[in-house]
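> sequence first, predicted coordinates after that:
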Amino acid sequence: MKFSLTLSAMAASTAALHPRATPGSHRRQPTLHRRAGARRDQAHYQEAYSQRVAVRKSVFPDTIIHQESVSPLLSQLSAEDARSNLEEYTRFHTRYYKSQTGKQAAEWLLLKVQSAIDSAAARHGRVAASVKPFVHPNWVQTSVIATIPGRSGKTIVVGAHLDSVNQFSQSSGRSPGADDNGSGSMTILEGFKALLSDPAIAGGEAPNTIEFHWYAAEEAGLLGSQAIFAAYKKEGRDVKAMLNQDMTGYIQKTLSSGKPESLGVITDNVDKDLTAFVKKVIAAYCSIPAVDTRCGYACSDHASANKNGFPSAFVIEALMEHTSNFIHGTGDTIETISPSHMIEHAKMVVGFAYELGFTARL
Ligand SMILES: [Zn+2]
């Protein structure tokens, strides 16, 4: 989850979106944006976002039809794997995009993805999938892109940002980033592994290509995803749909409020038709319901896809007012996370990628 862009927008949304564990500490947020680096990044971001692009229209399926193929994949999802990977991932001191440990975290992730591909290859004999870093010239942390080629270049993207930030001390402060966004990063890793257990997907037989993205530098203003989707637009890449996963593990406030555990479907800065399709995926494949909620600003990487002309959707861990208070600080630890909630998100990821991956007429 990115900070809201402007101070006025922050004033309006900070209390709701990012209440801090430390009383009064939110007053320090504006100083962050006065730092030269942050100001430069923000200017870059604003410039990139000033050019709106009409989002291409895809026709998404009316119904969910691949239950028979998807169900066995869902049983591959492991809350224990999600938890242990997240535990390891949160040990990096910070995943700040300009830090050495932020660079190392992206390298760790790339190796995890490669090892998932290697395991699938050992099982199936051969897989068409591959993973590579997406290098950003202006900072040390790479993004990571895994591709499962299909029979066409029409591409379905699932994404999550891999960086973290300590808002009070960006370059050196401890930032475990368990929920924001270790949870989303490990959620889609689980989804990726489960999809590769399908022989048709692993064999490249799906009509469409499926990509998994882990974005650098989201916290600095969606910089990694902006670079990737701007490049895709320039290259004429045919991205039919993008699903963003940012914060997938915190449920305590939902439960404390007496509400049932749910998936928060974001309704602003997203594609309406794709969002309607995602709700069908949730109804078909998840054990908990969807609830509509709003970010109020271009709060995460789905906005980069949408604003470069690619339809996107975003599903977060809860109603926005029930998301984690601990993000962007030292308290965003694995103890606050529900691995089984991450798996509900992962079920959605697998259902989304499979159903759209096998929709020839997108
Ligand atoms: Zn964040």
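Sure thing, it's come through. Every value quoted in this text rests on a predicted model; they were computed, and no experiment measured them. Residues are numbered from 1 along each chain as shown.

> please name the nearest non-neighbouring residue to residue 262.
Spatial nearest neighbour of residue 262, excluding adjacent residues (CB to CB, 6 or more residues apart in numbering): residue 291 at 4.6 Å. C-beta here means a position set from N, CA and C on the backbone, and glycine is covered the same way.

> what about that neighbour, how many neighbours?
By other CB atoms under 10 Å, 16 other residues sit near residue 291.

> check which helices and strands the host helix or strand of it sits against.
Assessed by DSSP states H and E, residue 291 sits inside strand 290-293. Counting contacts by 3 or more CB pairs under 8 Å, 6 or more residues apart in numbering; DSSP states H and E, strand 290-293 is packed against strand 263-266, helix 272-285.

> out of those, the one nearest the ion is which?
strand 263-266 (14.3 Å; CB to the ion).

> show the contacting residues for the residue nearest in space to the middle of the chain.
Centre of the chain computed as the mean C-alpha position; nearest residue by CA atoms, centre = their mean is residue 160, 2.1 Å away. Contacts here follow CB atoms under 8 Å, 6 or more residues apart in numbering; on that basis residue 160 touches 181, 184, 185, 187, 188, 213, 214, 215, 244, 245, 246, 301.

> how about it, nearest residue that isn't a chain neighbour?
residue 184 (3.6 Å).

> can you classify the one you found as helix, strand or coil?
helix (DSSP: H, G, I helix; E, B strand; the rest coil).

> now the one 4 residues further on
Three-state call for residue 188 (three-state DSSP): helix.

> please name the residues that touch it.
Neighbours of residue 188 in contact, by CB under 8 Å, 6+ apart: 158, 159, 160, 212, 214, 245, 346, 349.

> ok so, going back, partners of the strand holding residue 291 in the sheet?
Applying DSSP bridges to the sheet, strand 290-293 is found paired with strand 263-266 (parallel).

> mind listing the strands for this structure?
Ranges of strands in the chain, per DSSP state E, are 130-134, 143-148, 155-161, 209-215, 239-244, 263-266, 290-293, 312-316.

> among the ones you listed, which is nearest the ion?
When the strands of the chain are compared by CB to the ion, strand 155-161 sits nearest the ion, at 7.7 Å.

> what does the stretch 51-200 of the chain put close to the ion?
Proximity of the stretch 51-200 of the chain to the ion is confined to residue 180 under the rule CB under 5 Å from the ion.

> run through the stretch 51-200 of the chain and note the low-pLDDT ranges.
51-53, 56-58 (pLDDT under 70).

> find the closest residue to the ion in it.
residue 180 (4.1 Å).

> taking the protein, what residue is nearest to the ion?
For the chain, CB to the ion, closest residue to the ion: residue 1, 3.6 Å.

> quick one: contacts for that residue?
Residue 1 touches 17, 18, 180, 181, 246, 247, 299, 300, 323, 327, counting by CB under 8 Å, 6+ apart.

> can you redo the residues you listed as CSV with distance to residue 90?
Listed next are the contacts of residue 1 as CSV, based on distance: CB to CB, whole Å:
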residue, distance to residue 90
17, 22
18, 19
180, 11
181, 11
246, 16
247, 14
299, 22
300, 19
323, 18
327, 13
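
> ok, of those residues, which one's closest to residue 286?
Set against residue 286, the nearest of these by CB to CB is residue 247 (16.4 Å).

> next up, phi/psi of that closest one, please.
phi 80, psi 100 (degrees, to the nearest 10).

> so it sits against residue 177, correct?
No - between residue 247 and residue 177 there is no contact under CB atoms under 8 Å: 10.0 Å.

> show me what contacts the residue lying closest to residue 176 once chain neighbours are set aside?
Nearest residue to residue 176 in three dimensions, chain neighbours excluded: residue 90, at 4.1 Å (CB to CB, 6+ apart). Applying CB under 8 Å, 6+ apart to residue 90 gives the contacts 176, 177, 178, 182, 333, 334.

> again, but for residue 64
By CB under 8 Å, 6+ apart, residue 64 lies in contact with 280, 281, 283, 284, 285, 351, 355.

> show the buried residues in those residues.
Listed as buried from the contacts of residue 64 are 280, 281, 284, 285, 351, 355; burial here means 16 or more other CB atoms under 10 Å.

> any idea how far the longest helix along the chain is from the middle of the chain?
When the chain is scanned for its longest helix (criterion: DSSP state H), the result is helix 100-124. Averaging C-alpha positions (CA atoms, centre = their mean, to the nearest Å) puts helix 100-124 17 Å from its chain's average.

> burial measure for residue 80, as a count.
Residue 80: 9 neighbours (other CB under 10 Å).

> before we move on, what about residue 265?
Considering only other CB under 10 Å, residue 265 is surrounded by 23 other residues.

> then residue 144?
Residue 144, neighbours per other CB under 10 Å, totals 26.

> spatially, what comes nearest to it if we skip its sequence neighbours?
residue 214 (4.2 Å).

> quickly list what the one you found is bridged to.
residue 144, residue 160.

> from what I see, it and residue 157 are in contact.
No - here residue 214 does not reach residue 157: they are 11.4 Å apart, not a contact under CB under 8 Å.
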